[in-house]
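[1] build me a model:
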Amino acid sequence: MIEPVLRCTLALTPMSVLATSVAVLTVLTWSYLALARGSFWRLKDAKPALGDKGGFRGRVVAVVPARNEAPLIGPVVTSLLNQSVAMAVILVDDESTDGTAEVAQCAAEKADKADGLIVIHSKPLPAGWTGKLWSMHQGIEHARAFDPAWLLLVDADVLHGPETVANLGLIASQGQHDLVSFMVKLHCESVPERLLIPAFVYFFFMLYPPAWIRDTRRSTAGAAGGCMLVRAETLERAGGLESIRGALIDDCSLARLLKQHNGRLWIGLTDQSRSLRRYETFAHIEHMISRTAFHQLKHSSLLLLGTVAGMLITYLVPPLLLLTPSRLTIFMGAAAWGAMTITYSTMVRYYRLNPAWALTLPLAALFYLGATI
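    Alright, predicted model coming up:
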């Protein structure tokens with residue numbers, strides 16, 4: 001009678017020790033993320049304090065790389081031409097087959113600002129360049145004729161509020177920054193978007209805490225490629241886009257390049273500019289993630305395994321601990337999930353979703369993990 005009980009006790013003890021160890025690791029992870037990761041989840045710290053925009057000086061030229069963006073490019077070009085800061089807009093048409101350039105020109109004419117839009121057609125892609133960077137490079141080279149102090153690098157699917165460039169310029173002037181970028185408001189209406197888009201921004205800020213990006217003592221560098229204002233002189237001093245011509249993640253690579261050359265960076269949120277790109281299905285978002293995820297991990301299987309283990313412990317273990325028989329592990333699981341939910345709720349509120357969506361971060365993390373693998 002005693003022997004079976006002893007065998008059960010011996011069999012259960014290692015499992016209990018393992019569960020407790022994992023629970024402790026999970027709690028430590030969330031303690032670090034919530035308290036020591038640059039307060040990445042406190043979104044009020046990522047919003048600029050704006051004042052008089054009269055301090056912004058210098059000519060600005062916008063560069064917009066576009067390929068087959070006819071459904072979106074019209075209002076985007078109009079929003080750029082209607083900025084409170086007057087500027088030329090250079091559209092680099094990357095071999096579009098849907099009349100992107102023609103739609104852009106019609107939009108400029110309708111806005112009575114046809115002279116403000118310059119359309120150039122991309123030359124064939126040279127070896128060693130990624131497509132978007134090659135288009136941006138051609139646009140920047142063309143912009144030299146205007147002798148710009150600043151380059152506005154934007155995506156062809158982002159609709160800008162009329163004060164976007166003025167606000168970016170004010171932030172740059174106030175902090176003597178060389179690259180300032182806005183994480184624009186992403187489209188968030190469909191079920192896949194509500195589950196995954198706030199999580200995308202949350203994970204981005206976790207990887208690249210805005211406070212660390214701004215800190216010149218730290219090497220952390222990141223930017224949001226949809227809307228970036230870059231000091232032309234600093235970019236040229238760093239070697240231009242040729243220095244990162246093969247980069248797949250162009251925005252963060254550009255930020256890293258500038259910071260390595262003593263450039264000052266700033267990144268924050270804006271709800272005055274928004275992406276028109278819709279992600280109606282899970283497959284659309286999966287493609288967006290899988291396109292760059294393994295590149296982000298430097299094509300390393302070891303880093304991939306580490307990422308899998310880290311995401312499991314960080315996001316999936318906390319709710320699973322609630323199913324364990326130990327009160328201690330249940331308490332630690334609840335504490336970790338509570339920290340996860342509280343920090344994520346700021347992003348859920350920013351996207352004006354029902355607060356209950358904050359509880360879904362483990363599901364979102366599982367999706368991102370699958371897409372990464």
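[2] use CA for all of it now, contacts and neighbours both
    Will do.
[3] ok, now which ones touch the nearest residue to residue 330 once chain neighbours are set aside?
    Distances taken as CA to CA, 6 or more residues apart in numbering place residue 322 nearest to residue 330, at 4.6 Å, with adjacent residues excluded. Applying CA atoms under 8 Å, 6 or more residues apart in numbering, we find residue 322 in contact with 329, 330, 331, 333, 334.
[4] mind checking which of the residues you listed land in helices?
    Using DSSP state H, the subset of the contacts of residue 322 located in helices is 329, 330, 331, 333, 334.
[5] name only those of the residues you listed that count as buried.
    The neighbour-count criterion (16 or more other CA atoms under 10 Å) marks 329, 330, 333, 334 among the ones in helices among the contacts of residue 322 as buried.
[6] a strand runs through residue 273, doesn't it?
    Yes: per DSSP: H, G, I helix; E, B strand; the rest coil, residue 273 lies within a strand segment.
[7] I'd guessed it sits against residue 163; true?
    No: between residue 273 and residue 163 there is no contact, the gap being 9.3 Å when judged by CA atoms under 8 Å.
[8] and those two? Which one has more around it.
    Between residue 273 and residue 163, counting by other CA atoms under 10 Å, residue 273 is the more crowded of the two (22 against 16).
[9] ok, the residue nearest to the more buried one when sequence neighbours are not counted to residue 38 distance?
    Using CA to CA, 6+ apart and skipping the chain neighbours, the partner closest in space to residue 273 is residue 160 (4.2 Å). The gap separating residue 160 from residue 38 is 28 Å, by CA to CA, to the nearest Å.
[10] the two: which has the busier surroundings?
    Higher neighbour count among residue 160 and residue 38: residue 160, with 26 against 18, using other CA under 10 Å.
[11] pull the contacting residues for the more buried one.
    Contacts for residue 160 (CA under 8 Å, 6+ apart) come out as 76, 79, 80, 272, 273, 274.
[12] filter those residues down to the buried ones, ChimeraX style.
    Buried residues within these, by 16+ other CA under 10 Å, are selected in ChimeraX with:
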select :76,79,80,273,274
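[13] so what's residue 7 scoring on pLDDT?
    Predicted confidence (pLDDT) for residue 7: 47.
[14] same check, this time on residue 297
    Here, the pLDDT recorded for residue 297 equals 75.
[15] hmm, it is touching residue 308, no?
    No: the criterion here is CA under 8 Å, and residue 297 misses it with residue 308 at 11.5 Å.
[16] for the stretch 101-250 of the chain, which spans come out with low pLDDT?
    Within the stretch 101-250 of the chain, no stretch has pLDDT under 70.
[17] all strands for it, in order.
    Secondary structure of the stretch 101-250 of the chain, counting by DSSP state E, counting those that start in this stretch: strands at 117-121, 150-154, 158-159, 179-185, 227-231.
[18] tell me which of the ones you listed sits nearest to residue 213.
    Closest approach to residue 213 among the strands of the stretch 101-250 of the chain (CA to CA): strand 179-185, 10.5 Å.
[19] what's the angle from that closest one to strand 227-231?
    Relative orientation of strand 179-185 and strand 227-231, computed by axes from the mean of the first three to the mean of the last three CA atoms, to 10 degrees: 170 degrees.
[20] note down every partner strand of strand 179-185 and its orientation.
    Counting by DSSP bridges, the strands paired with strand 179-185 are strand 227-231 (antiparallel), strand 265-275 (parallel).
[21] packed most tightly, which of those strands would that be?
    Mean neighbour count, computed with mean count of other CA atoms under 10 Å, is highest for strand 227-231 among these, reaching a mean of 25.
[22] residues in contact with that strand?
    Identification of contacts with strand 227-231 by CA under 8 Å, 6+ apart yields 149-155, 158, 165, 168-169, 178-184.
[23] picking up where we left off before, okay if I get the contacts of residue 322 as a markdown table plus distance to residue 373 and pLDDT?
    Formatted as a markdown table, the contacts of residue 322 follow (distance: CA to CA, whole Å; pLDDT from 0 to 100):
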| residue | distance to residue 373 | pLDDT |
| --- | --- | --- |
| 329 | 29 | 94 |
| 330 | 29 | 95 |
| 331 | 31 | 96 |
| 333 | 25 | 96 |
| 334 | 28 | 97 |
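[24] which of the contacts of residue 160 lies closest to residue 248?
    Nearest to residue 248 among the contacts of residue 160, with distances taken as CA to CA, is residue 274, at 22.7 Å.
[25] the closest one is in contact with residue 182, isn't it?
    No: in terms of CA under 8 Å, residue 274 does not count as a neighbour of residue 182; the distance is 10.0 Å.
[26] sweet, I'm off.
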